[in-house]
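[1] Quick one: sequence plus predicted model below, questions after.
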Amino acid sequence: MGLKRLGVLGWPVDHSRSPAMQNAALAATGLDGAFVYERLAVSPDAFPETVAGLPAAGFAGVNVTIPHKEAALALATAVSADARAIGAANTLTFGPGEGAVRADNTDAPGLLDALGEPAPRTALVLGAGGSARAAAYALRAAGAAVAVWNRSPERAGALAADLGVAAVDGPVAAEVLVNCTSVGLHDPAATFKELPVNADDIGEYACVVDLVYRDGGTELLRQAERRGCRCVDGLEILVRQGARSFQIWTGRAAPLDVMRRAARTGFEPSELLPSPTGRRADRDDP
Ligand code: NDP
């Protein structure tokens with residue numbers, strides 16, 4: 001049997017660290033002769049047609065990222081209960097049989113994996129977009145009482161009604177704070193102006209999770225760390241959802257440490273080999 005293709009579909013997708021992380025995992029488990037993981041820039045218009053052609057092009061499965069997570073769910077022929085309830089999928093698996101597409105959502109269990117046991121009893125989720133839906137769903141399914149705040153309150157209300165959690169219009173006490181907004185990505189200095197929590201109060205949350213990841217870290221986690229909170233960053237969340245996808249496609253346990261290293265450096269396994277000059281290949285996106 002030939003090399004099976006995997007990949008990530010997004011628009012844009014240039015800065016995705018999934019190819020580095022998944023190819024490192026394949027190499028570490030000896031599966032790099034069986035699978036290769038690619039980056040595929042696909043516009044929303046082209047998404048359904050592109051996905052329909054992937055099995056014939058040798059793809060066994062793909063991750064999908066912004067803005068395709070809802071569209072991925074819509075074109076699947078089988079959908080996991082998690083993906084159905086969340087309303088979004090980030091993992092597609094093709095076959096068995098022609099035209100079969102299974103949709104899973106590994107963002108939700110990935111968050112719980114990153115938090116570890118025991119699951120929190122209370123959580124405050126900031127945001128009401130796709131990742132907030134996955135986080136609120138996962139935490140509630142794990143038994144937590146979940147409050148959701150969003151800049152646009154009507155979206156928080158809709159999410160709360162859909163998922164059986166509470167919408168709030170300001171910060172509430174909780175064991176875990178999960179930032180599922182994009183605040184902090186482009187302007188870290190604005191973080192505490194745009195989120196409903198103050199740096200001085202952040203220490204009241206035993207654990208702070210920031211889905212946003214950027215070089216140099218985020219201001220939310222910097223302040224949380226300073227105040228002694230347990231911190232989970234966006235790269236760990238990325239690794240954990242990717243580990244779940246890896247297991248779905250290969251049936252093998254994912255090598256978490258290898259994936260963490262690759263996600264943090266952004267380098268593919270071949271790029272980590274010494275070059276003839278002894279220097280590592282240059283890349284735009286670290
Ligand atoms: P969406 O576009 O679906 O949602 C964005 C959310 O951010 C909305 O709730 C929006 O509020 C809020 N928001 C945006 N700007 C502001 C602002 N200035 N002030 C307050 N709230 C704001 O995105 P996703 O849910 O898919 O992703 C959210 C973030 O999480 C992104 O930065 C993404 O990169 C990151 N992410 C990380 C993952 C990982 O693996 N680490 C996985 C998925 C996402 P409103 O409704 O009012 O517009």
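    Right, received. Where do you want to start?

[2] use CA for all of it now, contacts and neighbours both
    OK.

[3] any idea which helix is longest in this protein?
    In the chain, ranked by residue count with DSSP state H as the criterion, the top helix is helix 234-250.

[4] name the helices or strands packed onto that one?
    For helix 234-250, the helices and strands in contact under the criterion 3 or more Cα pairs under 8 Å, 6 or more residues apart in numbering; DSSP states H and E are helix 18-28, strand 59-64, helix 107-115, helix 256-265.

[5] and the ligand, which of these is closest to it?
    Smallest distance to the ligand across these (Cα to the nearest ligand atom): 6.8 Å, for helix 107-115.

[6] near the ligand, anything from the closest one?
    No. Between helix 107-115 and the ligand, judged by Cα under 6 Å from any ligand atom, nothing touches; the nearest distance is 6.8 Å.

[7] buried ones in that helix?
    Within helix 107-115, the residues that count as buried by 16 or more other Cα atoms under 10 Å are 107-115.

[8] which residues touch the longest helix of the chain?
    Residues lying outside helix 234-250 but in contact with it, judged by Cα atoms under 8 Å, 6 or more residues apart in numbering, are 18, 21-22, 60-61, 63, 91, 93, 106-111, 113-114, 209-213, 252-256, 259-260, 263-264.

[9] again, only using 6 Å
    Contact with helix 234-250 is made by 106-107, 110-111, 210-213, 253-254, as judged by Cα atoms under 6 Å, 6 or more residues apart in numbering.

[10] Quick one: buried ones out of those residues?
    Buried residues within those, counting neighbours by 16+ other Cα under 10 Å: 106-107, 110-111, 210-213, 254.

[11] so can I have CSV of those residues showing pLDDT?
    CSV is the format used below for the buried ones among the contacts of helix 234-250 (pLDDT from 0 to 100):
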residue, pLDDT
Thr106, 98
Asp107, 96
Gly110, 97
Leu111, 98
Asp210, 98
Leu211, 96
Val212, 95
Tyr213, 91
Ala254, 98
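
[12] Could you check how far Ala144 is from the ligand?
    Using Cα to the nearest ligand atom, to the nearest Å, one obtains 20 Å as the distance from Ala144 to the ligand.

[13] Apart from its neighbours in sequence, what residue is nearest that residue?
    Spatial nearest neighbour of Ala144, excluding adjacent residues (Cα to Cα, 6 or more residues apart in numbering): Arg121 at 4.2 Å.

[14] That neighbour: how many residues sit nearby?
    15 (other Cα atoms under 10 Å).

[15] Ala142 is in contact with that one, correct?
    No. In terms of Cα atoms under 6 Å, Arg121 does not count as a neighbour of Ala142; the distance is 8.5 Å.

[16] could you dump stretch 95-113 to CSV, C-alpha only?
    Listed in CSV are the C-alpha atoms of stretch 95-113, where the atom choice follows Å, rounded to 0.1, in the frame of the first residue of the first chain:
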residue,chain,number,x,y,z
GLY,A,95,-13.7,5.7,4.3
PRO,A,96,-14.2,2.8,4.6
GLY,A,97,-16.1,2.8,1.4
GLU,A,98,-16.4,5.4,-1.3
GLY,A,99,-17.8,8.7,-0.2
ALA,A,100,-17.7,8.0,3.5
VAL,A,101,-16.5,10.9,5.6
ARG,A,102,-16.5,10.8,9.4
ALA,A,103,-16.3,14.1,11.4
ASP,A,104,-14.9,14.3,14.9
ASN,A,105,-14.2,17.2,17.2
THR,A,106,-10.9,16.7,19.0
ASP,A,107,-10.7,20.3,20.3
ALA,A,108,-13.2,19.3,23.1
PRO,A,109,-11.4,16.2,24.6
GLY,A,110,-8.1,17.9,23.8
LEU,A,111,-8.9,20.7,26.3
LEU,A,112,-9.8,18.1,29.0
ASP,A,113,-6.6,16.2,28.3
